[in-house]
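A.B. asks: how would this look folded up:
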Amino acid sequence: MKTRTLGNSTLNISEISLGCMSLPPIETEVKQVIDTAIDAGITYFDTADLYDRGENEKVVGQALKEHRHNILLATKVGNRWEDGKDGWGWDTSAQYINEAVRSSLKRLQTDYIDVYQLHGGTTEDNWEEIIDTFEGLKKEGLIRAYGISSIRPNVFLPFLQTSTAISNMMQFNIFDERAEEYFEAIQQAGASVVTRGTVAKGLLTNDWRERLKSFMSYDEAQAKELLEKIEALYGDVHAAALAFNLNNEAVASTVIGARTKQQLLQNLAAYEKAQTLGDISQLANFTRQDRYTDHR
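C.D. replies: Model prediction:
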């Protein structure tokens, strides 16, 4: 497993990272997946306080406890739920972030978080207060670095450009290239991209015929045509999807989600195959370079 540096930091993370949102709330099953990931060289694990109302952090923290100093742990803040109420609200006040980080630390069974991410954001947020709060958490030693998870340019650009944030997690894949327009600006701000949605909900895997559907600006027929071209060019759609994301120097890691050990092993096999593929950049001749229309 290769590694890349996350932004202007000293943190080196694995090119494939594990997105923990889809892990089951069963400790033994989570441990099996996470142990397999660690054995394969995955060092970056991403969760959020929102996932399963904090239960995901608990099972992930338990599974990672014995490996804590050999891995990098990322979680998120901003979405706030209250007991007895459906859904959740948005709170980026200094008071709430300070409360939330301590709750996450407790659930994760650790005394520091490697990358603490703002889980979204709006143009109405008080960026100065948010950034000051994150910087304060760094000084306290509760977090090592911070970032954001956003696909809104009018949110992530001002945040990155006025802070020492080192990452932005955003959807990017063969069917959704909208984020690429901002990769250079993200790098210039001292941050890296961590991609999510890499296999487009399973459409960009070798089981694509069973999963075929419309996705983003591609209708079903257009998606089928593109997938057939990818398969003809590279012989392995899953491997090509991972190689496509990692072909961009702005990308530090691509997050894959796996609920089971078998799903993780399929992703790892695709990553190994991705190392052997030819020039992945020629895919750009067949894909749409779509751009964001909102939040510009």
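A.B. asks: Please make it C-alpha for all contacts and neighbour counts, starting now.
C.D. replies: OK.
A.B. asks: for the stretch 51-200 of the chain, which spans come out with low pLDDT?
C.D. replies: By pLDDT under 70, the stretch 51-200 of the chain contains no weakly predicted segment.
A.B. asks: Would you map the helices across it?
C.D. replies: Per DSSP state H, counting those that start in this stretch, the stretch 51-200 of the chain carries helices over the ranges 55-64, 94-108, 127-140, 153-161, 183-188.
A.B. asks: what angle sits between the second one and helix 127-140?
C.D. replies: Read it as helix 94-108. Angle, helix 94-108 to helix 127-140, by axes from the mean of the first three to the mean of the last three Cα atoms, to 10 degrees: 40 degrees.
A.B. asks: Next, the angle from helix 94-108 to helix 55-64.
C.D. replies: Orientation check (the same axes, to 10 degrees): helix 94-108 against helix 55-64 gives 50 degrees.
A.B. asks: Is it possible to get CSV of the helices of the stretch 51-200 of the chain that adds distance to Ile71 and mean neighbour count?
C.D. replies: Written out in CSV, the entries for the helices of the stretch 51-200 of the chain read as follows (distance: least, Cα to Cα, whole Å; neighbours: other Cα atoms under 10 Å):
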stretch, distance to Ile71, mean neighbour count
helix 55-64, 8, 23
helix 94-108, 13, 17
helix 127-140, 18, 17
helix 153-161, 24, 19
helix 183-188, 24, 17
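A.B. asks: Run through the bridge partners of the residue nearest to Ser149 when sequence neighbours are not counted.
C.D. replies: Across the structure, with Cα to Cα, 6 or more residues apart in numbering as the measure, the residue nearest Ser149 apart from its sequence neighbours is Met169 (4.4 Å). Under DSSP bridges, the beta-bridge partners of Met169 are Ser149, Val194.
A.B. asks: So what's the residue count around Met169?
C.D. replies: By the other Cα atoms under 10 Å criterion, the neighbourhood of Met169 contains 24 residues.
A.B. asks: My guess is it contacts Arg152. True?
C.D. replies: No: assessed by Cα atoms under 8 Å, Met169 is found out of contact with Arg152, at 11.1 Å.
A.B. asks: can you tell me which residues contact Tyr44?
C.D. replies: By Cα atoms under 8 Å, 6 or more residues apart in numbering, the contact set of Tyr44 is 13-14, 16-18, 71-74.
A.B. asks: redo that, cut-off 10 Å
C.D. replies: The contact partners of Tyr44, taken as Cα atoms under 10 Å, 6 or more residues apart in numbering, are 3, 12-19, 37-38, 70-74, 114-115, 253-255.
A.B. asks: Generate a ChimeraX selection restricted to the buried entries among those residues.
C.D. replies: Only the buried entries of those go into this ChimeraX selection, using 16 or more other Cα atoms under 10 Å:
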select :3,12,13,14,15,16,17,18,19,37,38,71,72,73,74,114,115,253,254,255
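A.B. asks: which ones among the contacts of Tyr44 are found in strands?
C.D. replies: Among the contacts of Tyr44, the residues falling in strands (DSSP state E) are 3, 12-14, 16-19, 72-74, 114-115, 253-255.
A.B. asks: pretty sure Gly87 contacts Tyr51?
C.D. replies: No: here Gly87 does not reach Tyr51: they are 12.0 Å apart, not a contact under Cα atoms under 10 Å.
A.B. asks: could you measure the residue of the chain positioned farthest from its centre against Asn56, distance?
C.D. replies: Within the chain, the residue lying farthest from the chain centre (Cα atoms, centre = their mean) is Gly84, at 29.8 Å. Going from Gly84 to Asn56 by Cα to Cα, to the nearest Å gives 19 Å.
A.B. asks: who's in contact with stretch 285-296?
C.D. replies: With contacts defined as Cα under 10 Å, 6+ apart, stretch 285-296 is touched by 122-123, 151-155, 157, 174-182, 216-218, 223, 225-226, 229-230.
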